[in-house]
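[1] need coordinates for the following:
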Amino acid sequence: MPISIRRATLPSAVAAALLAMSSVPAALAQEAKDAAKPTSAESAKSKEAGKEPTKIETITVTAKSGAYRDGDKGTASSLAPTQASLEATQPQSIITREFIESSVAPTAEYSRVVNVAPSMSGDSANGPGLSETKTSMRGFSDDQYNITFDGIPWGDTNNPAHHSTSFFPASVIGGAVVDRGPGNASNLGFATFGGTIALFSKKPLDTRAVSVFGSAGTWNTVLFGASLETGKIADWDNATVQLNFQHLQSDGYLTLNKISSDNMTGKYQRKVGDSSLLTLFTSVNKIKYTQPDNNSGPTLDQVAKFGKNFSLNDDPTSFNYRGFNYTAKDTDFEYVNLKTQWDDSWSTEAKIYTYSYNNQTISSTDPTGLTAPGTKIGGAGNKNIPGIDKQNKYRVYGGIFNAAKQFTAGQLRFGAWIEHSDTDRHQYDLDLSLGNIRDPRETKPTPVQFPSVLFDQQSSIKNLQPYAEFEWQATSNTSVTPGVKLLSITRSVNAPVNQTTRLPQIASVDYRKALPFLTINQQLGSGLAVYAQYAQGFQIPDLKSFYIANPTQNSSDPQLSTNYQLGIVGKSGNLVWDADIYEIKFKNKYVSNGLAGTAAAFINLGGATYKGFEGQVTYLLGSGFALYGNGSVNRATALDTGKQIAKAPEMTAALGAIYSSGPWAGSFVYKRTGANHMQDYSAASAASYEYYKLSAYNNVDLSGSYTFKSTTEGFKSLRLQLNVFNLLNQQKVTSISTGKTLAGDQYTYQAPRSFQVSVKADF
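    Numbers count the residues shown, from 1 in each chain. I've put the predicted structure just below:
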C-alpha cells in the first residue's frame with residue numbers, strides 16, 4: 001500500500017528559533033575564550049569535536065588530539081560511545097579511540113566504528129571488517145557525504161564514494177566525528193551534500209611505548225601487528241614518531257570469499273622554531289580478496305540450493321568459480337602539514353597531500369547462475385565463461401591552505417582547497433575459460449576498440465574552492481558565523497572507448513556555484529547550549545553524466561541541498577545528552593532526459609526532502625556503569641512521488657550498557673536499523689514496491705576485557721579481550737539488488753554470530 005508521510009514545517013520552526021535565540025539572555029557568564037582560537041578548517045572541527053571551555057566538564061574530548069579522552073574518568077562523558085560538543089553548530093557524534101579499542105571489532109574499519117551513531121546504518125555481509133561496507137547517513141548514500149582523514153577529503157574520482165577496507169584499518173584511527181550537515185564554509189569535500197565522517201590519526205604519546213597485538217576468531221580470522229611510540233625525543237626537539245603495522249587474513253562468512261590485507265602507517269611530528277608544528281604522515285595498504293565484481297549476494301534459488309552465504313565455488317565450469325573472481329587493491333595516503341602561530345592574533349596552516357587507489361579485478365559477468373556457460377555474451381570470441389578485466393586507478397594531488405585572524409569582535413577564517421586527480425579506468429572483455437589470466441595489466445586488447453574493449457577511459461578533475469567565514473562573538477555567550485564558499489570544478493574525459501556509448505569521447509564540463517552558510521551557537525549556562533544552522537551543500541555530478549554522445553549539453557548545475565537544523569546539547573557530571581531536528585531540501589537531481597543519440601543529456605530535475613529527529617544520551621549510574629541510548633526518525637521522500645526513497649531506513653536506534661572500572665571494561669550495544677525500500681517507487685508498481693519493502697533488523701555486540709598491570713622489567717600491561725558480534729544470531733535481509741527479472745534479484749543477509757579473542761601487550 002502507498003505510504004503516507006505528513007509534511008512538516010521545519011523551516012518556519014527553525015526561523016523562529018533563530019530569532020528567539022538572538023534574544024535569549026545569558027543565564028550565566030561564560031568563561032572567556034582564548035585569544036588564539038582554532039585557525040583552520042581542521043582546527044575548527046577540533047573545537048566542534050568537544051574542546052569546551054565551560055567548567056562543568058572534568059573531561060575533554062578532542063578530535064584534534066585523536067578524539068582521545070583526557071582527564072577524570074568518573075563522568076558520563078568519559079564513558080559515552082557518542083556525544084556532541086557544547087560548541088557544536090550542527091548535529092554530531094564524537095567517537096573516541098577508547099570506544100574503538102573496547103567495543104569495535106579489531107578487524108574493523110571506519111564503517112563499523114561510526115555505525116553506532118544516530119542515523120547511521122550499514123552492515124558487512126562477510127563479517128566485521130571482512131568486506132566493503134556502504135554506510136547510509138540519514139538515508140544519504142555513501143557517495144552523498146564526505147569522509148575526511150585529518151581534515152583531508154578522500155574518495156573515488158568517478159563519484160565521491162568510498163572503499164571502507166582499502167585505506168585505514170581501525171588500528172590507525174584515533175577517533176571519529178560524524179557531522180550530520182554541511183558544516184561551515186571551511187568544511188571541504190565533493191559531497192558536503194549529506195554531511196561528513198571525519199576520521200583522525202592517533203595522538204602521539206609523550207613517553208615511549210611498544211605494543212604487540214593479535215586477534216583470532218570465527219571463519220579462520222587472524223589479525224596481528226605491532227606499534228611503536230617513541231614519545232618525545234629530546235635530541236630531536238621533542239619530536240615524536242609513530243609506527244603501526246597490521247596483517248589481517250580471513251576465510252570470511254561468504255563461501256570462498258577470502259581476504260588478506262597489510263597496512264603500514266607512520267606519523268612524525270616536531271616543532272619548527274618556536275611557533276610552528278610540522279606533521280608528516282603516510283599510510284600504505286595492500287589488500288587481496290576473492291569475490292565477484294558484482295558482489296550483491298545470491299539469488300533466492302541459490303539460497304535454496306546452497307545457503308545464505310553462497311558466493312563462489314570450486315567448479316571451473318561455473319561463473320562462480322573462485323579462480324575467475326579475484327581482486328587486488330593497492331592504496332597509499334600521504335600528507336605534510338605545517339601549522340604556525342605568528343602572533344597572538346594571526347595563524348596559518350598549509351597542508352599538501354596525495355593519495356592513490358589501484359583496483360585490478362578479474363571477474364565473471366554473471367554470478368546469479370542465470371547465464372549458462374557456452375552462451376555468447378560481450379565481444380566476439382567470448383563464448384564460454386564471459387568475464388572482464390577491470391581497472392580503476394587514480395592518483396590525487398591537493399593542497400589545503402587556511403589562515404585566521406582574531407579580532408575583538410570575533411575570528412575571521414579564510415582559505416582555499418586545491419585538488420587535481422587523474423584516473424585511468426577500463427573493462428576488457430575476456431573468455432575466462434581459456435585460462436592463463438593472471439595479471440590484468442597483460443590483457444589489454446589490440447586494437448583498443450569495442451567489442452573487445454567495453455571501455456577504456458581516462459578522466460581528470462580540477463578543483464578550486466576558496467572560502468571565508470567570520471565567527472562573530474555577538475555576546476559573551478553567543479557566536480554567529482556567516483560564511484561563503486565558491487566552487488570551481490572542471491571534469492574532463494578523454495576516452496578511446498567511452499563507457500556505455502562505446503564511442504571515442506573527448507569532453508569537458510565546468511561547474512560553478514557560491515554556497516552560503518550561517519550557524520549560531522548560544523551557551524545557556526554551565527553545561528547547556530543550543531545551536532541552529534542554515535547551510536547549502538552540494539554533490540559533484542557523477543562521471544556517468546559523460547557516458548553520452550555530447551556531455552557539453554549537460555546541465556552545469558551541481559546537485560544542491562539546503563539544510564535547516566536546530567539542536568540542544570546538555571552536559572553534567574553524570575549525564576550527557578543532545579537532540580536535534582532537521583529538514584534538508586535536495587534539488588537539481590541529475591537525471592537523464594530520456595533521449596537517445598546526440599540529443600541525450602543529463603538535466604536537473606526533481607529531488608527529495610529529508611527530515612527527522614535525532615538524539616543521544618549517556619547516564620552514569622556509578623561504580624563504572626553507564627547506560628547509553630540513541631535514536632532517530634528519518635524520512636526521505638521523493639518530490640515527484642511523495643514516497644520514501646530507496647535504501648533510506650525509516651529509523652535507527654541503539655541501546656547499551658558501558659562499564660569501565662579498574663582492570664575491567666565491557667560494553668553491550670544493541671543497534672536497530674529500520675525498515676527501508678530497495679526499489680524506487682517511481683520505477684515499479686505499488687505491488688512490487690511493497691514486495692521490496694524490507695523489515696527492520698537488529699544487531700547486538702558484546703565485549704569484555706581485563707587488563708593486567710605489571711611493575712616488572714617485562715610488559716607494562718597485558719589486555720585480554722573477547723568480542724561477540726551479532727549475539728542473537730539474526731540473519732535478516734539487509735539489501736536487495738534488483739535484476740532484470742525477479743529470478744535475478746540478489747539478496748544480502750546479516751553475517752551470523754561470530755567472535756574474536758584478542759590480546760595486546762604493552763612494553
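[2] shaky segments in the chain?
    Counting by pLDDT under 70, the chain shows low-confidence ranges at 1-72, 374-383, 435-443, 679-691, 711, 713.
[3] how about the helices in it?
    Here the chain has its helices, by DSSP state H, at 10-21, 41-48, 76-79, 97-103, 110-114, 300-306, 686-691.
[4] what about the strands in the stretch 401-550 of the chain?
    Secondary structure of the stretch 401-550 of the chain (DSSP state E, counting those that start in this stretch): strands at 410-431, 453-475, 478-497, 505-525, 528-539.
[5] pairing partners for the third one, with directions?
    With DSSP bridges as the criterion, the sheet partners recorded for strand 478-497 are strand 453-475 (antiparallel), strand 505-525 (antiparallel).
[6] same thing with the shortest one?
    Using DSSP bridges, the strands paired with strand 528-539 are strand 505-525 (antiparallel), strand 559-571 (antiparallel).
[7] which parts of the longest one are buried?
    Taking 16 or more other C-beta atoms under 10 Å as the neighbour-count basis, strand 505-525 is seen to contain the buried residues 505, 507, 509, 511, 513, 515, 517-524. Where you see a C-beta, it was placed from the backbone N, CA and C, and this is true even at glycine.
[8] make JSON lines out of the residues you listed and add distance to A170.
    Shown next, in JSON lines, are these (distance: C-beta to C-beta, whole Å):
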{"residue": "Q505", "distance to A170": "41"}
{"residue": "A507", "distance to A170": "41"}
{"residue": "V509", "distance to A170": "38"}
{"residue": "Y511", "distance to A170": "35"}
{"residue": "K513", "distance to A170": "36"}
{"residue": "L515", "distance to A170": "33"}
{"residue": "F517", "distance to A170": "32"}
{"residue": "L518", "distance to A170": "36"}
{"residue": "T519", "distance to A170": "31"}
{"residue": "I520", "distance to A170": "35"}
{"residue": "N521", "distance to A170": "31"}
{"residue": "Q522", "distance to A170": "36"}
{"residue": "Q523", "distance to A170": "34"}
{"residue": "L524", "distance to A170": "37"}
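[9] of all these, which two lie farthest apart?
    In the buried residues of strand 505-525, two members sit farther apart than any others by C-beta to C-beta. They are Q505 and L524, at 57.3 Å.
[10] now the strands of the stretch 401-550 of the chain in CSV, with distance to G273?
    Listed next are these as CSV, based on distance: least, C-beta to C-beta, whole Å:
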stretch, distance to G273
strand 410-431, 22
strand 453-475, 28
strand 478-497, 31
strand 505-525, 34
strand 528-539, 37
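[11] let me know which of the strands paired with strand 478-497 is the nearest to D366.
    Ranking these by proximity to D366 (C-beta to C-beta) places strand 453-475 first, at 14.5 Å.
[12] report the angle between the axes of the closest one and strand 410-431?
    170 degrees (axes from the mean of the first three to the mean of the last three C-alpha atoms, to 10 degrees).
[13] and strand 453-475, how far out from the chain middle?
    With C-alpha atoms, centre = their mean, to the nearest Å as the basis, strand 453-475 stands 17 Å off its chain's centre.
[14] buried residues of that strand, list them for me.
    Residues 453-457, 459-461, 463, 465-473 are the ones in strand 453-475 that count as buried (16+ other C-beta under 10 Å).
[15] still on that earlier bit, quick check: which of the strands of the stretch 401-550 of the chain is nearest to A191?
    Nearest to A191, of all these, is strand 528-539, at 4.7 Å by C-beta to C-beta.
[16] buried sites along the closest one?
    Residues of strand 528-539 classed as buried: 528-539 (neighbour count, 16+ other C-beta under 10 Å).
[17] I'd like these as JSON lines, with distance to E229 appended.
    Below are the buried residues of strand 528-539 laid out as JSON lines (distance: C-beta to C-beta, whole Å):
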{"residue": "L528", "distance to E229": "38"}
{"residue": "A529", "distance to E229": "35"}
{"residue": "V530", "distance to E229": "40"}
{"residue": "Y531", "distance to E229": "36"}
{"residue": "A532", "distance to E229": "41"}
{"residue": "Q533", "distance to E229": "38"}
{"residue": "Y534", "distance to E229": "43"}
{"residue": "A535", "distance to E229": "39"}
{"residue": "Q536", "distance to E229": "42"}
{"residue": "G537", "distance to E229": "38"}
{"residue": "F538", "distance to E229": "40"}
{"residue": "Q539", "distance to E229": "39"}
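[18] out of those residues, who's nearest N320?
    Q539 (35.3 Å).
[19] pretty sure G744 sits against G369.
    No. G744 is beyond contact range of G369, at 9.5 Å (criterion: C-beta atoms under 8 Å).
[20] anything in contact with each of the two?
    Jointly contacting G744 and G369 under the rule C-beta atoms under 8 Å, 6 or more residues apart in numbering are T299.
[21] dump the residue contacts of L254.
    L254 neighbours (C-beta under 8 Å, 6+ apart): 125-126, 131, 291, 309-312.
[22] oh sorry, the question was meant for A170
    Taking C-beta under 8 Å, 6+ apart, we find A170 in contact with 100, 104-110, 112-113, 129.
[23] most neighbours out of the residues you listed, which is it?
    Neighbour tally across those (other C-beta atoms under 10 Å): the maximum, 31 neighbours, falls on T107.
[24] ok, and the closest non-adjacent residue to it?
    Nearest residue to T107, sequence neighbours excluded (C-beta to C-beta, 6 or more residues apart in numbering): G129, at 3.7 Å.
[25] can the contacts of L254 go into CSV with extra columns for neighbour count and distance to G612?
    Output for the contacts of L254, formatted as CSV (neighbours: other C-beta atoms under 10 Å; distance: C-beta to C-beta, whole Å):
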residue, neighbour count, distance to G612
A125, 26, 27
N126, 25, 30
S131, 23, 29
Q291, 25, 34
N309, 21, 34
F310, 20, 36
S311, 25, 35
L312, 25, 39
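[26] now, the most widely separated pair of those?
    Farthest pair in the contacts of L254, by C-beta to C-beta: S131 and F310, 14.5 Å.
[27] hey, what's the closest residue to Q536 other than its chain neighbours bridged with?
    Closest residue to Q536 in three dimensions, ignoring its sequence neighbours and counting by C-beta to C-beta, 6+ apart: L515, at 4.4 Å. When assigned by DSSP bridges, L515 has beta-bridge partners K485.
[28] could you measure from L515 over to A185?
    7 Å (C-beta to C-beta, to the nearest Å).
[29] and what of E87?
    For E87, the distance to A185 - C-beta to C-beta - is 17 Å.
[30] show me what contacts the residue lying closest to G297 once chain neighbours are set aside?
    Nearest residue to G297, sequence neighbours excluded (C-beta to C-beta, 6+ apart): T748, at 4.1 Å. Applying C-beta under 8 Å, 6+ apart to T748 gives the contacts 125, 296-297, 733-737.
[31] just I489 next, same as before
    I489 touches 190, 461-464, 510-512, 540, 558, counting by C-beta under 8 Å, 6+ apart.
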